[in-house]
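Asks: Any chance you could fold what I've pasted below:
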Amino acid sequence: MPEGDVLRLTAERLDAALRGVPLVRAELRWPSAAGVDLVGASLREGVAYGKHLLLRFDDGRTVHAHQRMEGYWRVHRTGTPAAAGRSAAVRAVLATEQWTCLGWHLGMLDVLRTRDEPRLLGHLGPDVLADDFPDRIDEAAARLTADPRRPLCAALLDQRAVAGLGTIWTAESLFARRLWPWLPAGDLPEDERRALLLTARRLIGRSVLVGRRSGLGAVEPAVHGRHHKPCRRCRTPIALGSTAGPGQRPDGAERAIYWCPVCQAPPAA
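Replies: Numbers count the residues shown, from 1 in each chain. Next up, the predicted model:
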């Protein structure tokens, strides 16, 4: 599933393509939004909150999208074959006279009043990439321990605790702090929880900066996706577990967690 860095870059690219210019084509191919007419409206801003994309228009409406596991957006020059958007996998077409934005394989799409966004997002924790995240760090640290016995890896993935982290940046942040992924969240002192969250912000923020220059996915992970490959610190083969435990393989309910058994050894009993 795309994480907060991908959503931030996606929002920036859609904003650059559509902002301030009236739409000449708008097709929302989703049952609850199919009858919405946005032609003539202009994008005021495109932003991301966690893994949610928000396209705010000057008529007071917001197009809200979630990409789920397979979704993505592409920008093409209007009038080119690539901009036609005829595929059944295209769920959204938003176009100005110059640029056409296509939402492929989206997992959620709806339209709401911009002023109603808090109702949609109010259950989420602080956005790890938001400008105000450092001011909300104590709140995020407290949310991580809503269930003190829950493993750190599961707590970081809970969007109600902190919004924007997925399996990649959860694994990378825990590795950077040398933390065993299954340490109960409540066992980590508050100052170390804050340090972990700020590390996550630094890593995912660096991915955004690199992505602006080089494209999505330009940062090579240290542990995520490197099962059996040598740890870059100690050369121990990287292990694969899941949110259910270090010896469990990911399935439909449990998320993959990559880790180094030496650098991230469990705490001594």
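
Asks: quick one: the strands in the stretch 51-200 of the chain?
Replies: For the stretch 51-200 of the chain, strands defined by DSSP state E, counting those that start in this stretch occupy the ranges 52-57, 61-66, 72-77, 90-95, 99-104, 108-113.

Asks: what does the first one rub up against?
Replies: Spelled out, that is strand 52-57. 7, 10-11, 14, 18, 38, 41-48, 62-67, 73, 94, 114, 117, 120-121, 124, 163 (C-beta atoms under 8 Å, 6 or more residues apart in numbering). Every residue, glycine included, has its C-beta placed from N, CA and C.

Asks: Of those, keep whichever come out buried.
Replies: Among the contacts of strand 52-57, those that count as buried by neighbour count (16 or more other C-beta atoms under 10 Å) are 7, 10-11, 14, 18, 38, 41, 43-48, 62-67, 73, 94, 114, 117, 121, 124, 163.

Asks: from the chain's centre, how far out does stretch 254-269 sit?
Replies: Remark: stretch 254-269 is offset 23 Å from the chain centroid, using C-alpha atoms, centre = their mean, to the nearest Å.

Asks: cool, and stretch 83-92?
Replies: In terms of C-alpha atoms, centre = their mean, the gap separating the centre of stretch 83-92 from the centre of its chain is 23 Å.

Asks: what do you get for stretch 10-17?
Replies: 15 Å.

Asks: and what of stretch 92-102?
Replies: Put simply, stretch 92-102 sits 23 Å off its chain's centre (C-alpha atoms, centre = their mean).

Asks: need the longest helix for this protein.
Replies: As assigned by DSSP state H, the longest helix anywhere in the chain is helix 190-214.

Asks: Tell me which residues are up against it.
Replies: Helix 190-214 is contacted from outside by 3-6, 8-9, 12, 128-129, 133-134, 137-138, 140-141, 144-145, 152, 156, 162, 164-165, 169-170, 172-174, 176-177, 179, 185, 188, 217-219, using C-beta under 8 Å, 6+ apart.

Asks: Tell me the buried residues within the residues you listed.
Replies: 3-6, 8-9, 12, 128-129, 133, 137, 140-141, 144-145, 152, 156, 162, 164-165, 169-170, 172-174, 176-177, 179, 185, 188, 219.

Asks: So which of the residues you listed sit within helices?
Replies: 4-6, 8-9, 12, 137, 140-141, 152, 156, 169-170, 172-174, 176.

Asks: quick one: contacts for residue 171?
Replies: 153, 181, 221, 223-224, 257-259.

Asks: any low-confidence regions in this structure?
Replies: Scanning the chain for pLDDT under 70 picks out the ranges 1, 215-218, 269.

Asks: Residue 257 against residue 245, yeah?
Replies: No - judged on C-beta atoms under 8 Å, residue 257 makes no contact with residue 245 at a distance of 9.2 Å.

Asks: Any idea how many residues pack against residue 211?
Replies: 20 (other C-beta atoms under 10 Å).

Asks: Would you quantify the distance from it to residue 205?
Replies: Distance from residue 211 to residue 205, counting by C-beta to C-beta, to the nearest Å: 10 Å.

Asks: ok, now residue 89?
Replies: When residue 89 is compared with residue 205 (using C-beta to C-beta), they lie 31 Å apart.
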